[in-house]
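Trainee: Could you look at this predicted model? Sequence included:
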2 protein chains.
Amino acid sequence: MKKQIFTLEATTSTTAARAGTIKTDHGDITTPFFMPVGTYGAVKTFSSNEIKQLPSKILLSNTYHLYLRPGTEILEAAGGLHNFMNWQGAILTDSGGFQIFSLEGFRKISEDGVTFRSHLDGSKHHFTPERIVDIQRSIGSDFMMMLDVCPPGNADKKTWIDALETTTRWAKRGMDHYHKTEPIYGHQQILLPIVQGGTDIELRRRSARELCELGAEAYAIGGLAVGEPKPKMLSTVELMNEELPKDKPRYLMGVGTPADLVRNVARGVDMFDCVMPTRNARNSQIFTFNGKINIRNAQYRNDFSLIDETSTSPYSVKYTKAYLHHLFRTQEILGLRIASQHNLHFYIKLMETMRERIIQDTFEDWANGFLKNYDGEVL
Amino acid sequence: MKKQIFTLEATTSTTAARAGTIKTDHGDITTPFFMPVGTYGAVKTFSSNEIKQLPSKILLSNTYHLYLRPGTEILEAAGGLHNFMNWQGAILTDSGGFQIFSLEGFRKISEDGVTFRSHLDGSKHHFTPERIVDIQRSIGSDFMMMLDVCPPGNADKKTWIDALETTTRWAKRGMDHYHKTEPIYGHQQILLPIVQGGTDIELRRRSARELCELGAEAYAIGGLAVGEPKPKMLSTVELMNEELPKDKPRYLMGVGTPADLVRNVARGVDMFDCVMPTRNARNSQIFTFNGKINIRNAQYRNDFSLIDETSTSPYSVKYTKAYLHHLFRTQEILGLRIASQHNLHFYIKLMETMRERIIQDTFEDWANGFLKNYDGEVL
């Protein structure tokens, strides 16, 4: 008997924004939420305890990367990724599809699956929809992703059609295999199909409907934030809000900027992940409720104000812009830590704020205020 | 009226090891102690709160580096280094002498001081004994070091004589200037002369006696761990134990390995600093009470035992060798953090253990046991 993992708790009267709770065997997670990215089983610069204190109850890791290093044998010997990295919260792993289709080197799609060469040593590997489920069983992630075909945002219609058709056939095989296999470590694992179809309305609708027939517990929207124009992304997400079941969580993969999060929450998305807060932090970009700043800029050399007066991030309330500027100039790891901590804290605080506004049904006004301040536009 | 900063609390019956307390305006520090090195005002990978939790009550920073970046103007505007880096413990700053004499490029010693080019941009700078005190007044360190001349360990006698004579003349000028100037930030600053003389008994004795006439509150032993044979280092420190006043702290600069710390504590040294625990950590070397291990070695790939079963370091009790091995292989910053935290925690725990053994007067037996286990030799 399958348990319902998602409870919808609040909707808004003027947008599609919604708030709920997802139950996992590694704790309840309130929606909407943002997942810090820990590609290799570590969120860059963070200890597992610090991820928890952000506070984040879930992180994302990468099946493709973990499969290559440390490999499933080590992960199984460790008792799964939770144990390996000493993380008691939930984990979502992507399928590796996006990474493989981003590889510059060799890759070949067949009906069976995808063959590719490792970016590390050029060794040849073959992923199938079934194998990807098995690997994620070895990892022990709470949310597993289907193997999908993810074409670039400027692909032609023929490519989009092929991608969505293969994605649907693979999703059926993956779901079959999922139902025939058991979790290795005792906790529940949910498998998410990924809607494709580019930014073509008819193709997206078809992909969503085909995948909804699988009766999954949650759905992902893939193939966006891959180079398409932003209005196309937003209209595609609007369509997904109509097509995907209201009582299941929706995950928009790899999105995005703070403004993207707000605009897509307004369009009914519950789950997000993106490397932006941590990657941009390492490039000295600091996110604040008043926009972005580059802490390497000379103007911060003697600016002894706090990194962000509005932040409650533990480091941001202790250190000044001048000190953070100095740490970046002297290439101190502490600089990367403070910036990464600040940015992820900002992202997670942003999600918490949106949740509060949704529950109060003051989301639209708040969102338009935030966006005007942030990029001068509205929802 | 000068206050006595050091209280000698315990000596041992069979070695020169001693335990005491140094009072500073940033807290009392029990001796013997080890100072983590924060060259640019940050102990590599650590936040200021984490240094405190090692637990360390004092850290070392570098006058030469801080003078170049961020510069004294920024440090003064910040209200000193303590404020700049948000560190409430004590700080010792070296004089820059050692760094300047280690520079590969241009440097020129005159009676007035030393002229050198920055390793960053080749710009020309001039340090005098007076200027070095002024810079450390701007930094606001609790312990300031004299400008000295530090020749390499294989220098000839003529070089050693010149170095010690210049060092003495500079120390007199530095001490004069110290007495004529006041701390900028209100807290007490102690100036330490640095004994030179290579490993020549007569020269060392002469240097120590000349500097003792200055009546400083603490003394440093410089010009060791610069390439001389280890027995020469130890016999020189033994001489210093005879020559330097018993009621003043002695600081052996830039030393060293865990075994070096034990052997020099046995010879009456109270204060140490070294980049080894953090630098070696970044090169994947882990210190334990049973010796060193290189965590990148293939044998740790599937070793799910704790990093060091005897350690109480916060990360070391949470993560396995296999995970740390994986973090180094995937170049995750968390790996550098765990290793650095572990090694500094080991060094500081080692100092605490020695202090306990000194107070119990069981130091010699313990030290010989530790050393036999560590490098097969005794004190």
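Mentor: Done, it's in.

Trainee: Just give the nearest non-adjacent residue to the residue of the stretch 101-250 of chain A found nearest chain B, would you?
Mentor: Closest approach between the stretch 101-250 of chain A and chain B, counting by C-beta to the nearest C-beta: A:L120, at 9.8 Å. Every residue, glycine included, has its C-beta placed from N, CA and C. Residue nearest to A:L120 in three dimensions, not counting chain neighbours: A:L68, with 5.8 Å by C-beta to C-beta, 6 or more residues apart in numbering or on different chains.

Trainee: Report how many residues lie close to the one you found.
Mentor: 19 (other C-beta atoms under 10 Å in any protein chain shown).

Trainee: from memory it sits against A:G122, does it?
Mentor: No - judged on C-beta atoms under 8 Å, A:L68 makes no contact with A:G122 at a distance of 11.5 Å.

Trainee: after the helix or strand where A:I29 lies comes which helix or strand?
Mentor: Here A:I29, judged by DSSP states H and E, is contained in strand A:27-31. Tracing the chain C-terminally past strand A:27-31 and defining elements by DSSP H and E, one meets strand A:33-35 next.

Trainee: If you count contacts, what does that next one end up packed against?
Mentor: strand A:58-62, strand A:271-273, helix A:333-360 (3 or more C-beta pairs under 8 Å, 6 or more residues apart in numbering or on different chains; DSSP states H and E).

Trainee: Which residues of the stretch 1-150 of chain A lie near chain B?
Mentor: Contact residues (C-beta under 8 Å from any C-beta of the partner chain) of the stretch 1-150 of chain A with chain B: A:40-42, A:44-49, A:65, A:69-70, A:73-74, A:77-78, A:84-86.

Trainee: Buried among those? Make that a ChimeraX selection.
Mentor: Remark: buried members of the residues of the stretch 1-150 of chain A next to chain B, expressed as a ChimeraX selection using 16 or more other C-beta atoms under 10 Å in any protein chain shown:
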select /A:40,41,42,44,45,46,47,48,65,70,74,77,78,84,85
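
Trainee: So the residue of the stretch 101-250 of chain A closest to chain B is in contact with A:Y67, correct?
Mentor: No - here A:L120 lies out of contact with A:Y67, judged by C-beta under 8 Å, at a distance of 11.0 Å.

Trainee: Who has more neighbours out of those two?
Mentor: A:Y67 (23 against 11).

Trainee: OK, contacts around the more buried one?
Mentor: A:96, A:125, A:135 (C-beta atoms under 8 Å, 6 or more residues apart in numbering or on different chains).

Trainee: Determine the number of other residues adjacent to the nearest residue to A:T320 once chain neighbours are set aside.
Mentor: Nearest residue to A:T320, sequence neighbours excluded (C-beta to C-beta, 6+ apart): A:F304, at 4.7 Å. A total of 15 residues lie near A:F304 under the criterion other C-beta under 10 Å.

Trainee: per-residue confidence at A:F304?
Mentor: In this model, A:F304 is scored at 97, pLDDT.

Trainee: Specify the local secondary structure of it.
Mentor: Here A:F304 is recorded as coil under DSSP: H, G, I helix; E, B strand; the rest coil.

Trainee: buried residues in the least confident helix or strand in chain A by mean pLDDT?
Mentor: The helix or strand of chain A with the poorest confidence is helix A:97-102; it has a mean of 83 (mean pLDDT, DSSP states H and E). Neighbour-count burial for helix A:97-102 flags A:97-101 (criterion: 16+ other C-beta under 10 Å).

Trainee: for stretch A:186-204, same thing?
Mentor: A:189-200, A:203-204.

Trainee: and the residues you listed, which two are the farthest apart?
Mentor: A:Q189 and A:D200 (31.9 Å; C-beta to C-beta).

Trainee: any low-confidence regions in the stretch 51-200 of chain A?
Mentor: Applying pLDDT under 70 to the stretch 51-200 of chain A picks out residues A:104.

Trainee: And the strands in it?
Mentor: Applying DSSP state E, counting those that start in this stretch to the stretch 51-200 of chain A gives strands spanning A:58-62, A:90-94, A:107-109, A:114-117, A:124-127, A:143-145, A:190-192, A:194-195.

Trainee: Quick check: residues of the stretch 251-379 of chain A near chain B?
Mentor: Counting by C-beta under 8 Å from any C-beta, the stretch 251-379 of chain A sits next to chain B at A:301-302, A:304, A:315, A:318-320, A:322-323, A:326-327, A:329-330, A:332-338.

Trainee: Among those, name the buried ones.
Mentor: With burial judged by 16+ other C-beta under 10 Å, the buried subset of those is A:301-302, A:315, A:318-320, A:322-323, A:326-327, A:329-330, A:332-338.

Trainee: so who does A:L103 touch?
Mentor: Per C-beta under 8 Å, 6+ apart, neighbours of A:L103: A:116-117, A:119.

Trainee: same check, this time on A:I91
Mentor: A:26, A:58-61, A:81-82, A:139-143.

Trainee: Am I right that A:L81 is in contact with A:D142?
Mentor: No - A:L81 is beyond contact range of A:D142, at 10.1 Å (criterion: C-beta under 8 Å).

Trainee: Bridged to the residue sitting nearest the centre point of chain A, which residues?
Mentor: Residue closest to the average C-alpha location in chain A (C-alpha atoms, centre = their mean): A:D273, at 2.0 Å. Going by DSSP bridges, A:D273 is paired in beta bridges with A:M35.

Trainee: secondary structure class for A:R263?
Mentor: Per three-state DSSP, A:R263 ends up helix.

Trainee: That one is in contact with A:L234, isn't it?
Mentor: Yes - here A:R263 reaches A:L234: they are 6.0 Å apart, a contact under C-beta under 8 Å.

Trainee: Alright, I will stop here.
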